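In: Based on what follows, work out the 3D shape:
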Amino acid sequence: MSESEQSTIPSNSNMIQSKQTDMNESNVMICSSSKQIEMKRLEGFYRKKHAIMFLTTLIMVLSAAAFIYTLVTKDEVAKLIHQTKPEISAESAAQGLVLIMGILISFIFTYSLIGMFGAMYESYPLSLTFLILNLIGLVATASMASYTTFFHTLLSLIIDVLLIALTYFFVQDLRDLRHLPQPHLSSPKLLESTG
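Out: All right, here's what the predicted structure looks like:
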């Protein structure tokens with residue numbers, strides 16, 4: 001080999017190393033921007049998770065308050081039922097009212113717990129079940145609109161629609177997170193990033 005050829009070999013290897021360093025720096029920049037996007041996405045995911053947990057807890061507290069209110073006012077309501085339909089005794093009207101409200105409240109508690117545990121444990125099947133139950137609840141609330149007060153119906157519809165939207169986007173995020181590749185300990189990228 002001539003001297004000129006030998007002098008170009010190190011410079012070529014330096015150029016290759018320089019290009020590799022540039023590529024690594026651009027990969028780090030791409031990686032860091034994708035990590036920033038991923039972190040923002042995870043922040044939104046956790047906001048939805050905590051919002052669902054808060055709203056389901058609020059629904060359970062309001063349901064418990066409604067049941068207590070029913071227990072306190074059952075005698076007055078039973079008298080009104082007896083006045084409008086004399087064939088129904090006040091005692092049986094009170095028992096029927098407590099039974100019906102107990103069943104409704106237990107259903108609300110059950111599906112609220114499903115939603116809370118689905119969000120808490122980030123469970124796709126529980127969250128999807130909660131979404132379906134919320135859709136059924138929305139239909140039930142809309143169909144009972146003529147039997148309840150306007151404020152109660154409006155409040156229930158707003159909470160139902162809000163929970164349905166939150167749960168829908170939460171389920172979408174869960175589905176997307178389930179399909180992401182999980183890092184392995186033997187992954188070279190993971191080993192490079194740790195040291």
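
In: contact partners of stretch 45-64?
Out: Applying C-beta atoms under 8 Å, 6 or more residues apart in numbering, the contact partners of stretch 45-64 are 105, 108-109, 112-113, 115-116, 118-120, 122, 159, 162-163, 166-167, 169-170, 173, 177. (Glycine included, C-beta is placed from N, CA and C.)

In: Buried residues of it, list them for me.
Out: For stretch 45-64, the neighbour count (16 or more other C-beta atoms under 10 Å) marks F45, K48, K49, A51, I52, M53, L55, T56, I59, M60, S63 as buried.

In: host element of the spatially closest residue to A94 that is not a sequence neighbour?
Out: Of all residues not flanking A94 in the chain, A78 sits nearest, at 3.8 Å (C-beta to C-beta, 6 or more residues apart in numbering). Using DSSP states H and E, A78 falls within helix 3-84.

In: Show the average pLDDT along that helix.
Out: Averaging pLDDT along helix 3-84 yields 73.

In: How much space separates F117 from G96?
Out: Look at F117 and G96: by C-beta to C-beta, to the nearest Å, they are 32 Å apart.

In: now V139
Out: Counting by C-beta to C-beta - V139 and G96 are separated by 24 Å.

In: who has more neighbours, those two?
Out: G96 (14 against 11; other C-beta atoms under 10 Å).

In: Spell out the secondary structure type for that one.
Out: The assignment at G96 comes out as helix when based on DSSP: H, G, I helix; E, B strand; the rest coil.

In: which residues touch it?
Out: For G96, no residue meets the contact criterion (C-beta under 8 Å, 6+ apart).

In: Could you do G102 as well?
Out: So G102 contacts F67 (C-beta under 8 Å, 6+ apart).

In: Buried residues, the helix or strand it falls within. List them.
Out: Per DSSP H and E: G102 is located in helix 90-120. For helix 90-120, the neighbour count (16+ other C-beta under 10 Å) marks 90, 93-94, 97-98, 101, 105, 108-109, 111-112, 114-116, 118-119 as buried.

In: which one of the residues you listed sits closest to S143?
Out: S143 lies nearest to I108 out of the buried residues of helix 90-120, by C-beta to C-beta, at 16.0 Å.
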